[in-house]
Every structure is written in structure tokens, then in C-alpha cells.
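**Q** Got a predicted structure here, sequence first:
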Amino acid sequence: MIFNKSLQSKDPNELKPALKLALKEGYRLIDTAFLYQNEEIIGETLQEVFKEGKLSRQDIFIETKLPYFCHKPEDAEEMIAKQLKHLQTDYIDLFLIHWGMPAKKKEGEDDAEKDSDGKLVPALIPFMDTWKVLEKYYKKGVFKSIGLSNFTNEDIQKIYDESEIKPHNYQGECHILLPEHERAAFLEKLKIIFTAYAPIGSPGRYDEETGDTGNSTPKGDVLGHPVPQELAKKYNKTPAQILLRHLIQRGLAVIPKSVTPEHIKDNINIFDFELAPEDVEKLDDIKERQRLFLFQSASTHPWFPFPDAMEQIKSGTDK
């Protein structure tokens with residue numbers, strides 16, 4: 001099972017006990033990224049856990065991601081060295097290119113250039129230039145597997161066709177309001193594992209436009225949707241457990257996010273029941289559509305990976 005902690009979770013007083021509890025409850029995959037600003041805390045926490053002697057590095061699956069402003073090969077290599085140091089490890093179990101929209105890197109800073117409107121300044125670095133860096137580290141054994149996140153199917157296919165080492169994993173937003181059935185079938189055909197982020201809607205998620213981190217209920221309330229609410233009563237489970245079980249039965253990996261002890265415990269307890277076919281169908285038949293993570297600051301990028309979200313961005317239905 002997977003422990004994921006997202007953008008706003010960089011407080012060691014919050015993250016350290018949550019991660020230790022997750023490991024105690026049986027979670028073994030930790031999903032992070034340079035952009036989450038918590039790799040150092042995770043590295044420190046894992047060293048503390050390893051010193052206790054109950055777990056070793058070989059027991060933990062760490063996945064992290066290359067930021068969009070480090071697609072130039074030399075920038076990618078410099079960033080990889082930094083991430084290995086932050087995580088206090090000499091290898092990464094899964095390393096992903098975080099976004100399919102490379103941006104210009106600020107001189108001397110680990111950040112992206114933005115224009116006067118707050119939009120990313122594109123750097124149209126061919127994806128294969130960056131992918132070859134991942135292949136290099138895979139061959140050296142530094143990366144045990146490699147993949148992509150937030151790319152179009154067309155770009156995934158192009159990388160697949162041109163690469164020596166094929167992508168092992170794709171991580172993308174997926175839940176009942178963005179079921180991604182077409183993408184799932186596409187990835188299955190290529191034998192690429194699909195990992196769903198925001199599987200329960202990422203309640204309390206960061207709002208890029210307002211900077212809010214959970215003081216309001218955004219539109220696209222996945223957890224509060226009446227169908228998982230109804231099924232939770234039927235199965236005597238939480239709505240989150242219903243949503244996670246649904247994706248597991250679809251054959252996807254899931255990365256739920258929580259620092260709440262009760263939720264951490266609940267989210268891993270989804271293997272003692274199975275949704276009936278008619279209930280899977282109820283969840284599959286939900287017609288509402290809402291992408292939750294739009295990355296508006298990249299919406300003018302020529303390689304913006306969410307063309308389906310442009311109407312949402314224009315109409316302001318992203319919050």
C-alpha cells in the first residue's frame with residue numbers, strides 16, 4: 001500500500017509522525033517529488049525508522065519525480081543528485097518525469113521562470129533528451145524503474161516508440177469524476193502500470209489560484225458524491241474505502257493522501273471486501289466530469305497536457 005503526501009505537507013511536525021504511523025500500519029510505498037518540498041523530511045524520517053531496526057531500505061519503495069524546470073539533461077542530472085541526497089538513499093525505486101511541459105529554469109535557482117502574467121516560460125526541450133537521462137540512471141541501477149506523470153497519450157506513445165527502456169509506470173489524476181477509462185486501456189495495451197493520484201479527490205488540496213490549502217470545499221467533491229456515500233452505508237465502509245476499492249478492482253494502483261491517523265488506518269483496510277459488479281457499474285456510470293489539478297500557470301504552454309481542461313479553466317470551475 002502507498003503513502004502519499006502532497007504539496008502543502010512540508011511541516012516535519014505533521015509529516016514525520018504520519019509517515020511513521022503509515023509504515024507501522026503496513027504502507028511500504030512512499031510517493032514524493034522535488035516540488036512537494038518534503039524529500040529531506042522523508043529522508044530524515046526513514047533514517048530514524050531504519051535505526052530502530054524493524055525496517056530497512058530494502059523494505060521501502062520510494063518514488064519521486066523530476067520537476068518541469070529540469071528537463072535539460074545537465075539540469076536533470078544535477079537535480080537527481082540533489083534528490084538522492086535529500087532522500088538519503090543511493091537508489092530510487094521509481095523515478096518519474098513529473099510534467100509533460102518543460103519550463104525555463106531560473107538562473108541559479110530551483111524554480112521556473114514565469115512571465116508577467118504568472119505563466120510558465122516554456123523551454124521546448126525534446127522529451128527524449130530528458131528520457132535518455134532516466135535510461136542512463138536505470139542502466140546504472142540508480143533507478144529501479146522509470147516512468148511519466150501528467151503527459152498526453154500521444155507523448156507517452158512517442159516516448160514509448162523511441163525509447164530503449166520503455167516506461168514502467170504512468171501516474172495521473174483518476175477518480176470517479178475523471179475515470180480515465182480510455183487512458184487506462186491505452187496504458188494496459190503498452191503494459192505500463194497506471195497509478196491514480198487524487199483517488200479520493202484530494203480533500204484539502206492546494207488551490208493554485210487562491211493559495212488555499214483546505215479551508216473551503218472545492219468543487220468536484222469526490223468523497224461527498226452520493227454514490228460512494230450510498231455504497232459506504234451498504235458495505236459498512238467509509239466513502240474513501242469505497243473509492244479506493246473501486247480503482248483497485250479496475251486494476252489501478254492508488255496513492256491516497258492523508259496525515260490523519262484514522263484515515264491512514266482506514267485507507268489501507270480495503271482488502272477485506274469486494275464491490276459487487278452492479279456497484280462497480282454504479283460508480284462507472286457517474287456522468288459528472290471534473291479535473292481537480294489543472295496547473296493553470298502552464299495553461300498557455302504549447303505542450304500543456306490537459307487540453308480537456310481548458311474549458312474548465314476558462315469557466316472558472318476548477319475550485
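**A** Nice, I can see it. Numbering: from 1, shown residues only.
**Q** Can you tell me how far residue 292 is from residue 250?
**A** Distance of residue 292 to residue 250, computed by CB to CB, to the nearest Å: 18 Å. Yep, even glycine has a C-beta here, placed from its N, CA and C like the rest.
**Q** quick one, what contacts residue 246?
**A** Residues counted as contacts of residue 246 (CB atoms under 8 Å, 6 or more residues apart in numbering) are 176, 228, 275, 280, 283.
**Q** related to what we said a few turns ago, residue 292 and residue 250: who's more crowded?
**A** Neighbours were counted for residue 292 and for residue 250 using other CB atoms under 10 Å; residue 292 has more, 23 against 18.
**Q** Correct me if wrong: that one contacts residue 220.
**A** Yes - at 5.2 Å, residue 292 counts as touching residue 220 under the criterion of CB atoms under 8 Å.
**Q** what residues do these two have in common as contacts?
**A** 177, 201.
**Q** one step back: quick check, nearest of the contacts of residue 246 to residue 131?
**A** Nearest to residue 131 among those is residue 176, at 31.9 Å by CB to CB.
**Q** Skipping adjacent residues, who's closest to the closest one in space?
**A** Leaving aside its chain neighbours, residue 176 sits nearest to residue 286 (5.0 Å; criterion: CB to CB, 6 or more residues apart in numbering).
**Q** could you pull out the strands for the protein?
**A** For the chain, strands defined by DSSP state E occupy the ranges 2-4, 29-31, 61-66, 94-97, 146-149, 169-173, 193-197, 253-255.
**Q** Any buried residues in the longest one, and which?
**A** Think strand 61-66. 61, 62, 63, 64, 65, 66 (16 or more other CB atoms under 10 Å).
**Q** Centre-most residue in this protein?
**A** residue 197 (4.6 Å; CA atoms, centre = their mean).
**Q** you'd agree that one is up against residue 173?
**A** Yes - at 5.6 Å, residue 197 and residue 173 qualify as touching, with contact defined as CB under 8 Å.
**Q** Which neighbours do the two have in common?
**A** Contacts common to residue 197 and residue 173, judged by CB under 8 Å, 6+ apart, are residue 293.
**Q** Any stretches of the stretch 151-300 of the chain with poor pLDDT?
**A** Residue ranges of the stretch 151-300 of the chain with pLDDT under 70: 204-219.
**Q** residue boundaries of the helices in this structure?
**A** For the chain, the helices defined by DSSP state H occupy 12-25, 39-52, 73-87, 127-139, 153-162, 181-189, 226-235, 239-249, 261-268, 277-284, 310-315.
**Q** that older thread, surely the residue nearest to residue 176 meets residue 228?
**A** No - applying CB under 8 Å as the test, residue 286 and residue 228 come out as separate, 9.3 Å apart.
**Q** For the two, indicate the residue with more neighbours.
**A** Taking other CB under 10 Å, residue 286 and residue 228 do not tie; residue 228 has more neighbours (28 against 16).
**Q** The more buried one against residue 237, yeah?
**A** No - at 9.4 Å, residue 228 does not count as touching residue 237 under the criterion of CB under 8 Å.
**Q** tell me, what's touching the two both at once?
**A** Between them, residue 228 and residue 237 share no contacting residue, judged by CB under 8 Å, 6+ apart.
**Q** Run through who's touching stretch 266-283.
**A** 1, 25-27, 176, 227-228, 231, 234-235, 237-238, 240-246, 248-250, 256, 258.
**Q** so who does the closest residue to residue 310 other than its chain neighbours touch?
**A** Distance criterion CB to CB, 6+ apart; nearest residue to residue 310, sequence neighbours excluded, is residue 299 at 6.9 Å. By CB under 8 Å, 6+ apart, the contact set of residue 299 is 119, 309, 310, 313.
**Q** Those residues: which two are farthest apart?
**A** 119 and 309 (15.0 Å).
**Q** The two: who's more crowded?
**A** Neighbour comparison, residue 119 and residue 309: the larger count goes to residue 309, with 23 against 16 (by other CB under 10 Å).
**Q** what's the spacing between stretch 63-77 and its chain's center?
**A** Chain-centre distance of stretch 63-77: 16 Å, with CA atoms, centre = their mean, to the nearest Å.
**Q** Kindly report the same for stretch 49-66.
**A** Using CA atoms, centre = their mean, the distance from the centre of stretch 49-66 to the centre of the chain it belongs to is 19 Å.
**Q** Roughly how far does the residue sitting furthest away from the middle of the chain sit from residue 275?
**A** The centre of the chain is farthest from one residue, residue 234, which by CA atoms, centre = their mean lies 29.9 Å away. Noted for residue 234: a distance of 10 Å to residue 275, by CB to CB.
**Q** From the structure, what's the count of residues near the residue nearest to residue 182 when sequence neighbours are not counted?
**A** Spatially, and ignoring its direct neighbours in sequence, residue 182 is nearest to residue 153 (7.9 Å; CB to CB, 6+ apart). Residues lying near residue 153 (other CB under 10 Å) number 14.
**Q** same check, this time on residue 74
**A** 9.
**Q** Distance of it relative to residue 244?
**A** 40 Å.
**Q** just residue 165 next, same as before
**A** Residue 165 is 30 Å from residue 244, by CB to CB.
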